[in-house]
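Enquirer: what follows is a predicted structure for the sequence shown.
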Amino acid sequence: MKLHSFFITPNNRKVEAFIKHYQLPVEIHQVSFKDQEHKSEAFLRMNPMAKVPVLEDGDFCLPESNAILAYLAIKFPETDALPTDVQGRAQADRWLHWQSCHLMPAMGTLKTSDEKDFEILTPLFEVLNNHLESREFMLDKLSIVDFAIGAYLMTKMARGLDYSPYPHLAAWRERVTNLDGFVQTQVKIPPAA
Ligand SMILES: N[C@@H](CCC(=O)N[C@@H](CS)C(=O)NCC(=O)O)C(=O)O
C-alpha cells in the first residue's frame with residue numbers, strides 16, 4: 001500500500017500522522033509539485049483532481065484525506081479508530097464533514113493570526129470547546145476524527161492563534177499534538193517542492 005502525499009499540508013499530514021501513529025504498513029511517497037508530478041498522466045488516473053493525498057492499494061486508488069483515513073481504519077481494525085455501530089459511525093462522519101465543510105474553508109481565509117481574522121473561527125472554536133468540555137477526544141476515544149481536525153489546528157497559522165478563551169479545546173489540542181503520529185510528522189524543514 002502506498003500513500004502519495006505532500007507532508008506540509010494538513011490534509012496530507014493527518015493521513016501521514018495516522019499511518020505513523022499506528023505503524024501501518026503503508027509506504028509514503030512525497031509527490032513533487034515542482035516536477036508537476038500531480039499533473040502526470042499516471043497521477044491523473046489515480047486522481048483526476050490532481051491533488052494529494054491519494055492512497056494506492058493494489059489496483060484500488062482513493063483520493064480525499066478523510067475517505068483515506070476511514071479506509072485505513074477499516075482495513076486495519078486493530079487501530080480501533082472508527083466506531084462500527086451505526087450512530088458512532090454517523091458521529092464520525094458528522095465531524096469529518098464538519099472539518100471539510102466548515103473548518104477547512106474558515107482556516108483557508110486566515111491571512112494573519114490577528115483578532116479580525118480570528119472572528120471567522122470564533123463560532124467554530126466555541127463549538128469545539130463546548131463539545132470537548134466533557135470528552136478527552138472528539139468521539140468516545142481516540143479516532144480518525146482527532147487526526148482530521150487536529151492537523152488543521154497545527155498549521156503555522158493555527159499555531160499563532162490564541163486558544164486561552166477555549167480551555168477544553170486548548171487541552172485537547174495539546175493532547176493530540178503530543179500523539180506519536182503528530183510528533184513524528186512535525187514539519188521541521190521546508191518542503192523540497
Ligand atoms: N479535499 C481534499 C483536498 C486535497 C487538496 O486540496 N490537496 C492539496 C494539498 S492540501 C493539493 O494537492 N493541491 C495541489 C494543487 O491544487 O495543485 C482532501 O481532503 O484530500
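Expert: Good, I have the coordinates.
Enquirer: and the end-to-end length of stretch 14-33?
Expert: 19 Å (C-alpha to C-alpha, to the nearest Å).
Enquirer: can you check stretch 169-188 too?
Expert: First residue to last in stretch 169-188 (C-alpha to C-alpha) measures 25 Å.
Enquirer: name the residues that touch that stretch?
Expert: 7-8, 13, 16-22, 125, 128-129, 132, 135-138, 142, 146-147, 150-151, 153-154, 163-164 (C-beta atoms under 8 Å, 6 or more residues apart in numbering). Any C-beta I mention is one placed from the backbone N, CA and C, and that applies to glycine too.
Enquirer: what parts of the chain come near the ligand?
Expert: 6, 9, 11-12, 38, 50-53, 64-66 (C-beta under 6 Å from any ligand atom).
Enquirer: show me those residues that map onto helices.
Expert: Mapping the residues of the chain next to the ligand onto helices (DSSP state H) picks out 11-12, 65-66.
Enquirer: now find how far off-centre the helix or strand in which Ala42 is found is within its chain.
Expert: Taking DSSP states H and E as the definition, one finds Ala42 inside helix 41-46. Chain-centre distance of helix 41-46: 23 Å, with C-alpha atoms, centre = their mean, to the nearest Å.
Enquirer: any buried residues in that helix, and which?
Expert: 43, 46 (16 or more other C-beta atoms under 10 Å).
Enquirer: same thing with stretch 29-39?
Expert: 30-31, 37-38.
Enquirer: and stretch 145-163, by the same measure?
Expert: Those would be 145-155, 158, 161, 163, for stretch 145-163 by 16+ other C-beta under 10 Å.
Enquirer: let me see the mean pLDDT of the one helix or strand Ala90 maps to.
Expert: When secondary structure is defined by DSSP H and E, Ala90 falls within helix 86-98. The pLDDT scores in helix 86-98 average 98.
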